[in-house]
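Student: Sequence and predicted structure, then a few things I'm wondering about:
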Amino acid sequence: MANIAAKRIKREFKEVMKSEEVAGGAIKLELINDSWTELQGEIAGPSDTPYEGGTFILEIKVPETYPFNPPKIRFVTKIWHPNVSSVTGAICLDILKDQWAAALTLRTVLLSLQALLSAAEPNDPQDAVVAKQYKENPQLFHMTARHWTNVYAGGPASIVEFNQKVQRLLDMGVDEHDARVALSTYDWELERATEQLFS
Amino acid sequence: MDPNKIKNASEGIAPMGITALTETILTNQPESRYECPVCLNWLRDPVITTCGHKFCKSCITSWLQNSGHCPIDNINLSMKVDIFPDNYTKREIQEQRMSCPFATKGCAVKVTPLDLDSHIASCEFNQPEASSQSQVKVPCSFSAVGCKETFDTQEDMNEHLHTDVQTHMSFLMNAYSKIQIDNDISNASMDAKEQEAMLLWEPSKDGAASTSPPVNNTSALIRALYERVVVLEQRNRELDIVIANISKQLSAFAVAKMKQNNDLILRYCMGNYIWKIDNFKARLEAMQKDHFKMLYSPGFYTSPNGYRFCVRLNISPQNPQCFALHVHLMKTEYDDCLEWPFNGRISFAMINQYNPELTQRDTMMSNSTLIAFRKPSTEICVRGFGYTEYAVVNDVARNGFVKDDTLIVRVHIKCV
């Protein structure tokens, strides 16, 4: 790994460790290997959002050309959000792409991701299905996001109706995550989700 | 906020062994006004931008290669006009003195922050303190060949020996090849090729440290060879491109040459043109299917700057059993210099390729009243002159006029 990238990550790591956000439990950062190229981030779901109470794990890969190119980050924890792919966890955020600036750090990026959870950008979506629901049926989106937070990120709010529908599909032999994706995609209409899964 | 709590939070996450590392880095943490926002290190050759931000010269140079904006506030920056050396900050940093982190072990060196890292790397007090550990660590059994691992227990070492076989193999391989080379050199038998390769060794342009001639070691040799390989590969690639271009030109020339040859024959045939119609059978079938289909010969000249004619062969519109054969005048660039209407003798000969006696010969004289012999106003004069019923199709096809699927018609046009 290029010297400057490793050196900088070391310093950034330290910066994060000292930061108030870590102390307050808002973000976390861990090393995956000794070469400083892979890290694991963690952000707490912001309050007053459907993600509240959840803990979201992020995969962070540091390119050799860091900080001249942005780190590659994706959500490991599955999340229902217009700017995050519900399938791959890929994130659509300008500062991770063309708006990256060398003065940004892992700490500021993690905080930006947390802010993204508070304020989605449905007009620049990563997941078109989620974005459509966000715009056309905000209440259902909110419920779905809360349900995902509960199931995948340890959030507190369990939604009985959704769990029952997922269970119905599970009883038919469908994989749990596939069932949840299909139901979320078709606004929790059991018939349409079933049709899609079995067609 | 409770400081102990902060400490616990960070230590809970940092994996074992990282703490010691970060401690050293911590000691060399610059104040924010002396910190480069790109490398987060002490500003080295600081520059200041028109938007008022300081960076290491090399950091902002690298950044601006891909982006035209300030890494901090996204304002447009140009390397040429917006970046200035900040010698004030440079002096401030150079005036700072920092103690070596090994001062507690007795190092009295004080250096500028910029030199601290290189000093730490070479500081004589920067030794792993085996004695200060409560338990003596056992070095790996491969330490003699370069493995730096140490272990608290025999089990740890066993596991390491088990998992890092590959690493140890490469250590052994390195050691082995080193011994080999040492042997070779001590025998003073440096191979002629090797010496030659050494001569090829050129110091890199930027590295002042590496300007000394190569020493007798493998790494210099390998480097020399590697550089040579790179140069040769590059040259090879360039030559490949040159060859590709030349062969492209060559085939273009060949095509042009062939065309020129054909043109020459047509221009210098002196009105004596031999028209070979190949693929005759297929062409005939096509014409029989569609009576509007006609075969035209290329235009040929009665003299290099003379009249230009072409021959037309088609199924006679009046009598589909017969071929029609005509000549047509064609435009040339010197038509204005010629005398009109054309006056001359036109001879056709359809060659019998099996029995020359059966060759069909006909001669006609031009008729100056016909439009066909006036100066052509189109590329090919619409009116032709010749026979609407020249030969019977079946006769041509069967009685020895076609050989190897080729029909030959000789035309001779002579001015009078």
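Tutor: Right, received. Where do you want to start?
Student: Now do stretch B:157-165: everything it contacts.
Tutor: B:138, B:140-142, B:147, B:149, B:151, B:168 (CB atoms under 8 Å, 6 or more residues apart in numbering or on different chains). (Glycine included, C-beta is placed from N, CA and C.)
Student: most neighbours, which of those?
Tutor: Counting neighbours by other CB atoms under 10 Å in any protein chain shown, B:C140 comes out on top of the contacts of stretch B:157-165 with 21 neighbours.
Student: Make sure it is actually in contact with B:D156.
Tutor: No. With contact taken as CB atoms under 8 Å, B:C140 and B:D156 are classed as non-touching, separated by 9.9 Å.
Student: picking that back up, with the contacts of stretch B:157-165 in mind, which one is nearest to A:A153?
Tutor: Nearest to A:A153 among the contacts of stretch B:157-165: B:E149, at 38.8 Å, using CB to CB.
Student: Look up how far B:E379 lies from the closest residue to that closest one other than its chain neighbours.
Tutor: Closest residue in space to B:E149, ignoring its immediate chain neighbours: B:C140 at 4.4 Å, by CB to CB, 6 or more residues apart in numbering or on different chains. As defined by CB to CB, to the nearest Å, B:C140 lies at a distance of 91 Å from B:E379.
Student: Could I get the contacting residues of the residue nearest to B:E149?
Tutor: Applying CB under 8 Å, 6+ apart, we find B:C140 in contact with B:147-151, B:157, B:160-161.
Student: just for the chain, where's the confidence low?
Tutor: You didn't say which chain, so I picked chain A. Residue ranges of chain A with pLDDT under 70: A:1-2.
Student: wait, chain B
Tutor: Scanning chain B for pLDDT under 70 picks out B:1-28, B:127-136, B:182-216.
Student: okay, which residue is most central for it?
Tutor: B:I241 (7.6 Å; CA atoms, centre = their mean).
Student: Now that one: which helix or strand?
Tutor: helix B:218-267 (DSSP states H and E).
Student: can you give me how far the helix or strand that that helix is followed by is from the chain middle?
Tutor: Once the chain leaves helix B:218-267, the next helix or strand it forms, by DSSP H and E, is strand B:272-277. Put simply, strand B:272-277 sits 47 Å off its chain's centre (CA atoms, centre = their mean, to the nearest Å).
Student: tell me the angle of strand B:272-277 relative to helix B:218-267?
Tutor: 120 degrees (axes from the mean of the first three to the mean of the last three CA atoms, to 10 degrees).
Student: Only C-alpha atoms, please: export strand B:272-277 in PDB.
Tutor: The C-alpha trace of strand B:272-277 is given here as PDB (Å, rounded to 0.1, in the frame of the first residue of the first chain):
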ATOM      1  CA  ASN B 272      -7.400  -2.300 -79.400                       C
ATOM      2  CA  TYR B 273      -9.200  -3.600 -76.400                       C
ATOM      3  CA  ILE B 274      -9.700  -7.200 -75.300                       C
ATOM      4  CA  TRP B 275     -12.700  -7.600 -73.100                       C
ATOM      5  CA  LYS B 276     -12.700 -10.700 -71.000                       C
ATOM      6  CA  ILE B 277     -16.000 -11.400 -69.400                       C
END
